[in-house]
Structure formats: C-alpha cells, structure tokens
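**Q** I need the structure of the sequence given here:
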Amino acid sequence: MSKKAAVNFSPQNIQPGMVAGFFASNNFLIGMVTAVEANYCAILLHGVETMKLAQQRLVLVSKQIYPADTAEETLANFSDAMQQCALQLNPALIRTTLLEENADHTLTEIMSICRIHDQDVCRFALYLMLREHPEWFHQKQGSYHTNTDAQVQEYIQKELWQEQHNLDLQASPLLAKKGLPVLFTPELIRTAEAIKPYCHTSDRSDSTKLECWTIDAPVSQDLDDAISIHKAAQGWEIGIHIADVDWYVEAGSPLDTEARRRTSSAYLPDRDVHMLPPSLSCDKASLLSIGIRPALSVFISCDAAGNQLSHHICLTSICISRRFSYDEIETLLNQTSTPRQNDPTERIKALFMITENHLQQRIKAGAYIPQQNLLTPARRLVAECMVICNSLLAALAKERQAPLFFRYLDESALPERRENQAETSFPPSVMGTSPQPHQAMGLSCYAQASSPLRRYSDLVNQRQIKSLLQGTALPYTKSELDDMLEHLEQTRQRLRQVTLQAESLVKKPV
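**A** Residues are numbered from 1 along each chain as shown. Next comes the predicted model:
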C-alpha cells in the first residue's frame, strides 16, 4: 500500500545549498537545492544530474546550507552518514519511549525526547525509520502518533485484509467489488488441511453397511446429502443422510468464523467459491465414495404404498456405495426391462413413489408449486427427499422449543390463485428464529439443514439439532440467532446479485 509522505518543513524556508529529500517511484532520494523559483526548485542529484521539482514534492530539507561547489561530495558523505545514523536507531526503544509520553510529536520533538543528535543526517534517518514502521508510527498532519498495541494489531489486520482483498479482486472481481471474500488465507487453508479424516466412534450408529447413494451433477464435489432405501417389514425404509460438517468445524473456530462471514458458497459460471476450504468442502467433509463419513441421518419407515409410518433421527457413520448423476437416475426411472440382481432400479422407483406421494400430500395441504419451478423427475426426487428431511428436523426443534433458522411464508404473501391459471412464481420465504407455517410448501414448519457444506444457516441448524439428539446445551440462544439474521440475509442477497450478474454476462452475445 502506498504511504503518504510527511512534510517536515515550511516550503517558504527552502534555500539553495540545502539537502532535500523526496520520493520518486516509491524510492527515497536526496539531492541539493541549486535554485528556487516560484513553487519549483532545481535539485542536483548524484552524477551531476539536475531535475526540476515542485516544492510540494519535497518531504525533508536540511537546516544547514552546504557549499554548492562540493555538491556531489556533500551528497555522497550525507548519504553515508545517514546510513550510519540509521544503524544506531532502535525503533522498538523509540516506540516505548514515545508511548510513555502519550502524545503526538513532531520530528524535532521526537529527536529531543529520544536524545537523538540534532543533525540533519540523523533527522533524515529518523524520518525514514518512522516511515518504515507504519504499524508503530502514524503520521498525522506533520506530527507522528505512536500506536498502542491494540492499534498495532488493528493496523496489521487492515493490511492483511487489503492484501487479501487485492488477491480476491484478481480472482473474482465481481465478488470482491461487492465486498465478498473469494480466496482463503494460507492460515485457513493450513488449518483445514490439518484436520484429520473421520473415524467411526461408538457414540454413533454404525450405518457403514447401509447402501448409500449421492445424486448430484457430475461436476459437483461438495456433496452434503446422500440417500438410502431398502425393503423393510412393512414396506420400505428410506434414509436421508446429511454430512456432519460440525464434526470438522467447531463453532467459534477460525474456520467457523470465515464460514459465517461468507454465509454461502457461490457458484459462478467461471468458478466455484466455497464456504469452507476445498480440503473440507470437496474432500474430507464431502460425501464422496471414499472412506467413512459422519452424518446426521433421518430414517423414515413407509408402507408399500409410500405412506410414512414413523421416523427416527440419529447421528451415524456412513459409507457412500455409489454416486449417481441426475441423468443416470432418469434412465433408471424410465427403465422398463426386468432389473438384474442387485440392480437399484426397483428401489429408485420405490423412492420416487414415496417422494411423489409426499409431494401430493403437500399440494393437498396448500403447497404452491410454480410452473416455472417444475423439475425433472430425478431432481424432483432429490428435492422432495430434502423437504422431508428438513421438515422433520424442523418439527423436532419445534417440539423441543429449540430456536432454529426457520423458513416460512404465509398465505398473504402468495399471489392470488385463479381457476385454470398455472402458478408462475412466489416471493422468497422469510427466515426467522421461531417456527411458523410455510404456506407455500404446505408445511406447518420448515427449516433448511440439508446443505451444511454450502450454507452457514444450515450448519448452525445442524448444530442445534445435534445438541437435541445428544442431550447437551444448545450452542446458540434465540437472541444469538437473531443477531446473525441481518448479516446472513444481506450477504445472501449480495451473492444472488453477483450470481445473476455473472450469468447475464455469460449470456450476453458477443
């Protein structure tokens, strides 16, 4: 960052024969004043080079007048003596001495207080020393302020932020110009990489033998939900498994603070900007088909017709058996031939039946399904599984009177429904910390907790639910959640604006 130079003299006092200091291309140079004319002066540099400078460019001039006929020798000796004086200055000792004074001082006053020889070369050396330690000394209108320890830390944090912001501007100007972070600091990257992979613990249900699938886009790496289904005595048991991101990211830790600051992952046409460092979001905490993963699981028992009979929620250890793309699920749903042994087609079709049955029940309860939001069967299957999971987790929190980031939308916010007219859209839901009906979804309460790798509010909700299951104190009070609301909503809105802007730039014809 460029630093504004302190002027330590009165321009009216400039005379030929003075040694002057000034900056050129951020380099400090000295020369001898050979002539003064109006607001300009001629400066002789080493090598008998003369340049014309505006007086306001000068930051220091000597008190002594030196003979012009030995200018080159004088400048060489002045430079050597200034370097020798600089070696004798102790910046830390000077700072300690000035802190005891508890006041701002001019350069001359600092020399007196710190008992520095009142010589031109020492004054020039002191000026450069103060400038080289901007974290300790701050120039204010010709005087110097000595920063306290708290001010030093504040300065360092601002410098680090500016450095990171400059890197972010290079990586993604759209996000950075909105004040949204892009790249992770080296410290956060190292912290994430140092987290050990998960190993099963006895306080969790061992579901590693259960056949679990992820269904997502082929390019997605931050997989935070998986599904299982198998035949049971009364029909089917489905499992919806959410990556237990809280196991890796402790509340209040530097990684958690950064996730809260980011609020959500951003998916732009040219890059993905994750809420957590890639070593977590796309590796250790992601539900990939490698190794054991901790999960928050919701198991639902259904009859043969797809009606829900009962459910239970628990913490589990799971293994991902297979990764499906949406297109692969579409193919299985459309398959008419007799499935081979261990073929998942029958279970996929049963899962689709269960989710469609749940969707129809929501529609009967008043769910508002915009025509433009109609999904392919495969995407509808996954989306409805998440609705089932989230609604059951919200119901648990409501029953236990635990605050969450709930989502709701009442009837008054919906467009008027007219006979034989297809629904087109509805306003975004409202986020609050008390359960209320979500009329647009046909649910008595709803909260999102199925994307803890991608949304901070989901991670917070996951922590609240885990504490209910474990019988421990809630990590967040209602007032603490209320305090987060404004930041989360405003940041999410800025992310939406940037995403739409980025997408419009891609669609714009060349």
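**Q** CA-only coordinates of the helix or strand bottoming out on mean pLDDT in the chain in CSV, if you can.
**A** Least confident helix or strand of the chain, by mean pLDDT, DSSP states H and E, is helix 149-171 with a mean of 82. Output in CSV follows, covering the C-alpha atoms of helix 149-171 (Å, rounded to 0.1, in the frame of the first residue of the first chain):
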residue,chain,number,x,y,z
ASP,A,149,-0.6,-2.5,21.0
ALA,A,150,-4.3,-2.6,20.1
GLN,A,151,-3.8,-0.1,17.3
VAL,A,152,-0.8,-2.1,16.0
GLN,A,153,-3.0,-5.2,15.8
GLU,A,154,-5.7,-3.2,14.1
TYR,A,155,-3.2,-1.9,11.5
ILE,A,156,-1.9,-5.4,10.8
GLN,A,157,-5.4,-6.7,10.3
LYS,A,158,-6.2,-3.9,7.9
GLU,A,159,-3.0,-4.6,5.9
LEU,A,160,-3.8,-8.3,5.8
TRP,A,161,-7.3,-7.6,4.7
GLN,A,162,-6.2,-5.2,2.0
GLU,A,163,-3.6,-7.8,0.7
GLN,A,164,-6.3,-10.5,0.7
HIS,A,165,-8.8,-8.1,-1.0
ASN,A,166,-6.3,-7.4,-3.8
LEU,A,167,-5.9,-11.1,-4.4
ASP,A,168,-9.7,-11.5,-4.4
LEU,A,169,-10.0,-8.8,-7.0
GLN,A,170,-7.7,-10.7,-9.3
ALA,A,171,-9.5,-14.0,-8.7
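**Q** which strands and helices sit next to it?
**A** helix 173-177 (3 or more CB pairs under 8 Å, 6 or more residues apart in numbering; DSSP states H and E). Yep, even glycine has a C-beta here, placed from its N, CA and C like the rest.
**Q** Now do the helix it packs on: everything it contacts.
**A** If you take CB atoms under 8 Å, 6 or more residues apart in numbering as the criterion, helix 173-177 is touched by 165, 168, 169, 181, 182, 266, 268, 273, 498, 501, 502.
**Q** Of the residues you listed, keep whichever come out buried.
**A** Among the contacts of helix 173-177, the ones that count as buried by 16 or more other CB atoms under 10 Å are 168, 181, 182, 266, 268, 273, 498, 502.
**Q** From residue 453, how far off is the first one?
**A** When CB to CB, to the nearest Å is the yardstick, residue 168 and residue 453 sit 21 Å from each other.
**Q** all helices of this protein, in order?
**A** Here the chain has its helices, by DSSP state H, at 71-88, 91-101, 107-113, 120-132, 149-171, 173-177, 186-194, 254-262, 278-279, 326-333, 345-364, 377-399, 456-470, 478-507.
**Q** The first one to helix 120-132, inter-axis angle?
**A** Meaning helix 71-88. 60 degrees (axes from the mean of the first three to the mean of the last three CA atoms, to 10 degrees).
**Q** packing partners for helix 71-88?
**A** Contacts defined by 3+ CB pairs under 8 Å, 6+ apart place helix 71-88 against strand 19-24, strand 27-37, strand 40-45, helix 120-132.
**Q** Going by neighbour count, list what's buried in the longest one.
**A** So the one you mean is helix 120-132. 120, 121, 122, 123, 124, 125, 126, 127, 128, 129, 130, 131.
**Q** biggest separation within these, which pair?
**A** 120 and 131 (16.8 Å; CB to CB).
**Q** so where's the stretch 201-350 of the chain uncertain?
**A** Counting by pLDDT under 70, the stretch 201-350 of the chain shows low-confidence ranges at 339, 341.
**Q** for it, what spans make up the strands?
**A** 205-216, 225-232, 235-243, 266-267, 272-273, 292-303, 308-325 (DSSP state E, counting those that start in this stretch).
**Q** So which of those strands is the most surrounded?
**A** Most buried of the strands of the stretch 201-350 of the chain, by mean neighbour count (mean count of other CB atoms under 10 Å): strand 235-243, with a mean of 24.
**Q** Show me what that strand pairs with in its sheet, parallel or antiparallel.
**A** Partners of strand 235-243 in the sheet, by DSSP bridges, are strand 225-232 (antiparallel), strand 292-303 (antiparallel).
**Q** Good, we can wrap up now.
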